[in-house]
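Visitor: Predicted coordinates and the sequence they were generated for:
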Amino acid sequence: MIDVGIDAAEIWTGKLKLDLAETFAPEKGDDPGKYTKGLGLYESSFPDTYEDIVTMGANASKRLMERNDLEPDDIGRIDVATESSFDNSKPISTYIAGCLEQTFDGDFHHANKGERKFACVAGTQAIDDAYNWIRAGRNRGRAAIVVATDTALYARGDPGEATQGAGAVAMLISEDPSLVTLSDEQGYGSADETDFLKPNQQFPSVDGKRSVQVYLARMREAVEDYESVAGEIHPDDFVYAPFHTPFPGMVRKAALLAYRHITRDTEIEEALAEQIGMQPREAEFDDEETFLDAVSDYTDELKETTRYQEWYEATIDPTLDIARHVGNWYTGSVHVARLAALKRAHEAGRDMTDERLFVASYGSGAQAEVHHETVQEGWKEEITQLNIDEQVEARYDLDFAEYETVHDAHDHSKDRDYEEFTAPDAEFVFDGWGRMGERK
Ligand code: HMG
């Protein structure tokens, strides 16, 4: 079987930032610690008024292609994962291909284009589609581009407002990739849920507290399903575990439960079995809240142990380095987490070749998917190319009134005619519906 996975990746952040502690918290009358310590978020990214999901995705893809000396003829498939689409007919990949054709020689007429939707897990699903296409031998030697691009906005005043964000991740999926190969083994936890949805509306209707429980429930099922095909997993099997990161505090909760599950400490499991009146691995509860209540004494204690804290610092914390400063990017979020971890390894001078990652994706509605990835020899060269730190640093710092203007500018029900906060630099810009131009 040929190895298939992610050959290269680029991140593009929206060019504006909202500082949650300095700008958002005072306006909401909140203690900044609610955001920085509770949610684990410092800043969120927003697109400038000339940016949107197309321009962010196209700009990331352009860099991805230029850096890898690719021409349209090398690409047989362009899939976009987004839950911020403005078009119910044409996939966003057609808009992105249209932009790219303005820059590269040739066209993408031969390429299969589509759009994947399942909330935030769609980015991973689009990678799967490309993986299957290559494995099936239908790619004729060509690679696929998968773009996860979102402007994650909530209605103003919604509790989710603090967890907004915007950006795109473009990934090249190919045979014999330089970055990571994907495992055949996958685990799923999937159920029809209504805690987060957007029926014919741009901003989500969210039951935030329940969405946290649904995330944890589906993730627990996915890990168990994965173990049923891949065998038992243990905390030291993986160097990093990137999770879908709506906000780092969510990952803190998910990681703690995952650790409890995979640590397989019989003494602890027996204590827990006594506490909840049954073996935790066989436990069935009416809902996640009952389960979480049942295990909370135990997980509260576990959280304070040195072994858990060391595992968390080493395996989870590095995956959050970028998310803390950009917020939720929906479909791109778990892919940002993977790159953040590899970036931290590179900065620490660690060799990651042949090491494993445990990747845990999630989308509301709801579905969790987990699999593992093996880091490839070319990973260091790939990670060195990322310029996300410079992009994050260069963002324009919005005051609260400007933030509200930007929120309005990206509200599909409102007029978009607003001033720009930054100057575009040889990149694709939004010039009106159906007109995405490259502005030099
Ligand atoms: P909230 O109710 O405003 O916040 O919204 P809270 O009062 O629950 O506080 C948040 C945390 O901060 C709590 O920590 C507080 O204790 C703590 P926890 O108890 O949870 O560990 N806190 C403080 N800590 C230190 N100092 C302080 C302080 N004050 C409070 N002074 C909520 C929280 C998550 C509900 C909200 O942000 C929300 O609705 N978010 C949107 C939904 C969401 O992100 N859900 C996550 C799971 S679903 C998912 O991931 C899918 C998604 O990405 C969409 C998709 O798939 O398409 C969202």
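Guide: Arrived safely, thanks for sending.
Visitor: Name the residue most distant from the centre of this structure?
Guide: Distance to the chain centre peaks in the chain at E274, reaching 37.5 Å (criterion: C-alpha atoms, centre = their mean).
Visitor: Not counting its neighbours along the chain, what's nearest the closest residue to the ligand within the stretch 101-250 of the chain?
Guide: The ligand sits closest to G208 of the stretch 101-250 of the chain, with a gap of 2.3 Å, by C-beta to the nearest ligand atom. (Glycine included, C-beta is placed from N, CA and C.) Spatially, and ignoring its direct neighbours in sequence, G208 is nearest to P159 (4.9 Å; C-beta to C-beta, 6 or more residues apart in numbering).
Visitor: That neighbour: how many residues sit nearby?
Guide: P159: 11 surrounding residues under other C-beta atoms under 10 Å.
Visitor: Phi, psi for it please.
Guide: phi -60, psi -20 (degrees, to the nearest 10).
Visitor: start the count at 537, not 1, going forward
Guide: With 537 as the first residue, the last one maps to P695.
Visitor: For the ligand, see how far away the residue farthest from the centre of the chain is.
Guide: Distance, E810 to the ligand, by C-beta to the nearest ligand atom, to the nearest Å: 26 Å.
Visitor: Report the separation between that residue and E837.
Guide: 14 Å (C-beta to C-beta, to the nearest Å).
Visitor: Next: I681.
Guide: 46 Å.
Visitor: just to revisit the earlier point, got a pLDDT number for the residue of the stretch 637-786 of the chain closest to the ligand?
Guide: We have a pLDDT of 95 for G744.
Visitor: What of the one 10 residues further on?
Guide: At R754 the predicted local confidence, pLDDT, stands at 95.
Visitor: Can you give me the neighbour number for it?
Guide: Residues lying near R754 (other C-beta under 10 Å) number 25.
Visitor: With V928 instead?
Guide: Neighbours of V928 (other C-beta under 10 Å): 17.
Visitor: State whether it and H861 are indeed in contact, as I suppose.
Guide: Yes: V928 lies in contact with H861 (C-beta atoms under 8 Å); the separation is 5.3 Å.
Visitor: Show me what from the stretch 787-936 of the chain comes close to the ligand.
Guide: N864, Y866, Y898, G899, S900 (C-beta under 6 Å from any ligand atom).
Visitor: what do you get if the cut-off is 5 Å, keeping everything else the same?
Guide: G899, S900 (C-beta under 5 Å from any ligand atom).
Visitor: so what's whatever residue of the stretch 787-936 of the chain ends up closest to the ligand closest to, chain neighbours aside?
Guide: Nearest residue of the stretch 787-936 of the chain to the ligand (C-beta to the nearest ligand atom) works out as S900 at 3.6 Å. Spatial nearest neighbour of S900, chain neighbours left out: F732 (3.5 Å); criterion: C-beta to C-beta, 6+ apart.
Visitor: ok, now Q927?
Guide: T549 (4.9 Å).
Visitor: what do V928 and H861 both touch?
Guide: Common contacts of V928 and H861 (C-beta atoms under 8 Å, 6 or more residues apart in numbering): K553, S581.
Visitor: which residues of the stretch 687-836 of the chain fall in helices?
Guide: Taking DSSP state H, counting those that start in this stretch as the test, the helices found in the stretch 687-836 of the chain are 744-766, 784-799, 802-812, 824-839.
Visitor: between the ones you listed, which gets the lowest average pLDDT?
Guide: Minimum mean pLDDT among those: helix 802-812, a mean of 77.
Visitor: Now do that one against helix 824-839, angle only.
Guide: With axes from the mean of the first three to the mean of the last three C-alpha atoms, to 10 degrees applied, the angle from helix 802-812 to helix 824-839 works out at 140 degrees.
Visitor: buried sites along helix 802-812?
Guide: I804, E805, L808, A809, I812 (16 or more other C-beta atoms under 10 Å).
Visitor: By mean pLDDT, flag the weakest helix or strand of this protein.
Guide: Least confident helix or strand, the chain: strand 972-975 with a mean of 57, by mean pLDDT, DSSP states H and E.
Visitor: wait, what's in contact with Q661?
Guide: So Q661 contacts A617, R652, F654, E905 (C-beta under 8 Å, 6+ apart).
Visitor: What does the pLDDT read for the second one?
Guide: It refers to R652. pLDDT, R652: 98.
Visitor: where's it relative to R613, distance?
Guide: Here R652 is placed at a distance of 12 Å from R613 (C-beta to C-beta).
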